[in-house]
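Colleague: Sharing a model that was predicted from the sequence below.
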Amino acid sequence: MRFLPVFLDLQAGPVLLIGAGDLARAKLRLLAAAGARVRWYATDGHHDVSGLEPADAARVELAKGDPFSADLTGVIAILCAGAGDLGPTMSARAKALGLPVNVMDDLAHSTFIFPAIVDRGDVVVAVGTGGASPVVARRVRERIEAVLPARIGDLAGFVGRWRKPIHGRIGEFPLRRRFWERVVDGPIGALVLAGRADEAEAALKDIADPSAFAGAQDGGRAEGRVTLVGAGPGDPDLLTIKALRALQDADVVFYDELVSPEVLDRARRDASRVPVGRRIGKPGIGQNAINRLMIVAARSGQRAVRLKGGDPFVFGRGGEEVEALRNAGIAYSIIPGITAGLGAAAQFEVPLTFRHEALRITFLTAHKARDAETVDWSTLTDEKMTVVVYMGMTAAPSVRAGLLAAGRSPRTPVGVFARVTRPDAQAAVGTLDRLPDLIEQIDGGPAILIIGDVVAHSAPWRHQDLNQVMSELLDAAE
Ligand code: SAH
């Protein structure tokens with residue numbers, strides 16, 4: 001991020017606008033309509049504010065003289081449109097004074113840029129692309145426009161008016177936040193969004209005990225809880241809407257080593273982030289310690305999220321955690337995630353079932369050769385069964401040996417899919433007899449194995465076939 005979005009207080013002073021033509025006029029309209037005082041140097045001498053609302057036009061001061069020597073005292077930002085050395089010169093002056101400056105269509109001389117704006121009264125959304133593509137910014141803006149309720153600005157205004165009085169009645173910050181969440185997400189918020197502000201006002205006035213309304217326990221403390229959240233295999237866009245909401249509401253996030261930084265980034269900015277998984281070269285803090293941490297957090301009134309790679313209930317020890325929470329009497333809920341096997345299947349086009357060809361799926365784990373030895377491979381020889389192996393990188397030779405000894409064909413297609421749905425995802429496909437070679441081709445985990453005829457439908461398999469045909473053709477041509 002090169003440009004940090006911040007909001008400029010237009011009450012603080014005038015904005016200096018230098019330039020003429022359509023670009024300058026468009027900015028004049030934007031600034032004036034936003035309520036800015038604009039000091040405008042029309043470089044073509046043609047001061048025309050007839051297109052503005054009279055009230056907006058009244059705030060435009062038509063400046064005369066040489067803009068190069070304009071008095072910058074009290075000015076809050078400078079905007080330049082125009083060719084020649086106007087932009088660079090004003091930019092240099094502004095920078096010397098530490099004033100924000102924008103030279104239109106000239107990123108090099110700008111210290112701020114204009115975002116695409118969604119304007120709903122008190123709710124303003126700014127969308128930027130670092131100056132790279134205003135068109136992309138506008139597309140993003142359109143999407144946001146489409147999902148925001150029309151009266152979202154009214155809702156913000158409503159809360160704004162009541163903030164102070166409620167602040168006086170609920171001392172504790174987490175409880176206060178919960179109070180507003182219940183208002184915004186509940187019937188009162190719905191009334192405002194439906195345009196029934198008077199009824200909303202009355203309903204809020206009727207709340208006799210704001211702390212109780214916010215869900216306080218005895219003693220005025222907020223009620224804590226734990227949400228087990230499936231983080232998916234890495235791509236943050238694969239989070240469910242519920243997962244995103246839980247992350248946005250969290251006071252504290254306990255996360256595993258498998259959780260990608262991009263997913264963690266979606267947590268509320270102020271939430272504490274606590275790594276509880278194994279780190280490189282270091283063991284994790286252990287399951288008992290994790291359980292204790294969650295219980296302590298919830299008992300102190302926090303909303304804890306236990307963020308786990310993939311799905312919490314697929315080789316994630318989520319069951320044990322839920323049991324510990326239940327025994328401790330802590331309120332909890334579980335939000336599923338996309339498990340790594342499904343992420344790999346979608347990304348690399350492995351249909352885990354296929355009519356007549358693959359009728360069953362087995363998810364198994366073979367962490368160490370030792371685990372692989374305890375697997376009853378004879379139950380996995382059905383040709384119409386797809387086998388998905390978690391944590392199977394190290395034990396791959398034993399997986400191969402077990403399946404072959406039990407009688408599964410050495411020609412069975414297999415795939416090793418690493419870091420799936422992440423930017424550096426990787427796949428290696430081949431046949432079961434070559435499984436350890438495939439593991440060699442992978443530049444590091446986490447990786448999942450998929451074994452079964454369906455792998456022959458996958459994208460990497462098809463490309464491999466194509467490459468083979470091409471090289472055979474090339475060989476033949478030589
Ligand atoms: N609960 C997780 C699994 C945890 S076990 C889930 O549902 O996905 C850890 C194993 O999951 C890893 O050893 C690997 O086999 C697999 N895994 C997790 N994330 C992965 C990813 N992004 N790509 C490939 N495999 C992954």
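Modeller: Yep, it's here. Keep in mind the model is a prediction, meaning the values are calculated, not measured. Numbers count the residues shown, from 1 in each chain.
Colleague: now R161: how far from A197?
Modeller: 10 Å (Cβ to Cβ, to the nearest Å). For glycine as for every other residue, the C-beta is placed from the backbone atoms N, C-alpha and C.
Colleague: Between the two, tell me which one has more neighbours.
Modeller: With neighbours defined as other Cβ atoms under 10 Å, R161 and A197 compare such that A197 has more, 16 against 11.
Colleague: Just list the residues touching the more buried one, thanks.
Modeller: A197 makes contact with 154, 158, 191, according to Cβ atoms under 8 Å, 6 or more residues apart in numbering.
Colleague: if you look at the residues you listed, which of them are in strands?
Modeller: Applying DSSP state E to the contacts of A197, no entry is found in strands.
Colleague: Tell me how far the host helix or strand of A202 lies from the chain's centre.
Modeller: For A202, the host element (DSSP states H and E) is helix 197-205. Remark: helix 197-205 is offset 34 Å from the chain centroid, using Cα atoms, centre = their mean, to the nearest Å.
Colleague: Give the buried residues for it.
Modeller: 197, 200-201, 203-204 (16 or more other Cβ atoms under 10 Å).
Colleague: Smallest distance to the ligand belongs to which residue of the stretch 251-400 of the chain?
Modeller: Taking Cβ to the nearest ligand atom, the ligand has its nearest neighbour within the stretch 251-400 of the chain at G310, 1.9 Å off.
Colleague: Quick check: that residue touching G318?
Modeller: No. Contact criterion Cβ atoms under 8 Å: G310 and G318 do not qualify, at 10.1 Å.
Colleague: The two - which one has more neighbours?
Modeller: G310 (28 against 19).
Colleague: got a list of what the nearest residue to that one once chain neighbours are set aside touches?
Modeller: The shortest distance from G310 to any non-neighbouring residue, by Cβ to Cβ, 6 or more residues apart in numbering, is to T339 (4.3 Å). Shown in contact with T339 (Cβ under 8 Å, 6+ apart): 230, 233, 310-311, 314, 363.
Colleague: Quick check, pLDDT for T339.
Modeller: Here, the pLDDT recorded for T339 equals 98.
Colleague: residues from the chain in reach of the ligand?
Modeller: 233-234, 258, 308-311, 314-316, 339-340, 344, 390-391, 417-420, 422, 445-448 (Cβ under 6 Å from any ligand atom).
Colleague: out of those residues, which are inside strands?
Modeller: 308, 390, 417-418, 447-448.
Colleague: Neighbour-wise, which one of the residues you listed leads?
Modeller: Ranked by neighbour count (other Cβ under 10 Å), those have F417 at the top, with 30 neighbours.
Colleague: Wait, it touches I448, no?
Modeller: Yes. Contact criterion Cβ under 8 Å: F417 and I448 qualify, at 5.2 Å.
Colleague: number of nearby residues for A116?
Modeller: The burial count for A116: 19, using other Cβ under 10 Å.
Colleague: now L307
Modeller: 31.
Colleague: right, and it touches V252 too?
Modeller: No. Contact criterion Cβ under 8 Å: L307 and V252 do not qualify, at 10.4 Å.
Colleague: I'd like to know how far A222 sits from S211.
Modeller: Per Cβ to Cβ, A222 is found 9 Å from S211.
Colleague: same check, this time on P233
Modeller: In terms of Cβ to Cβ, P233 sits 41 Å off from S211.
Colleague: Looking at those two, which has the bigger crowd around it?
Modeller: Between P233 and S211, counted using other Cβ under 10 Å, the more crowded position is P233 (30 against 21).
Colleague: next one: phi and psi at that one?
Modeller: Main-chain torsions, P233, degrees, to the nearest 10: phi -80, psi -10.
Colleague: Name the nearest residue to it, ignoring sequence neighbours.
Modeller: Residue nearest to P233 in three dimensions, not counting chain neighbours: G343, with 3.6 Å by Cβ to Cβ, 6+ apart.
Colleague: so who does the one you found touch?
Modeller: 232-235, 238, 310, 420-421.
Colleague: circling back to that earlier point, overlap of the contact sets of F417 and I448?
Modeller: Joint contacts of F417 and I448 (Cβ under 8 Å, 6+ apart) are A344.
Colleague: Strands of the stretch 251-400 of the chain, residue ranges please.
Modeller: Under the criterion DSSP state E, counting those that start in this stretch, the stretch 251-400 of the chain carries strands at the ranges 252-255, 272-275, 303-308, 332-335, 360-365, 385-390.
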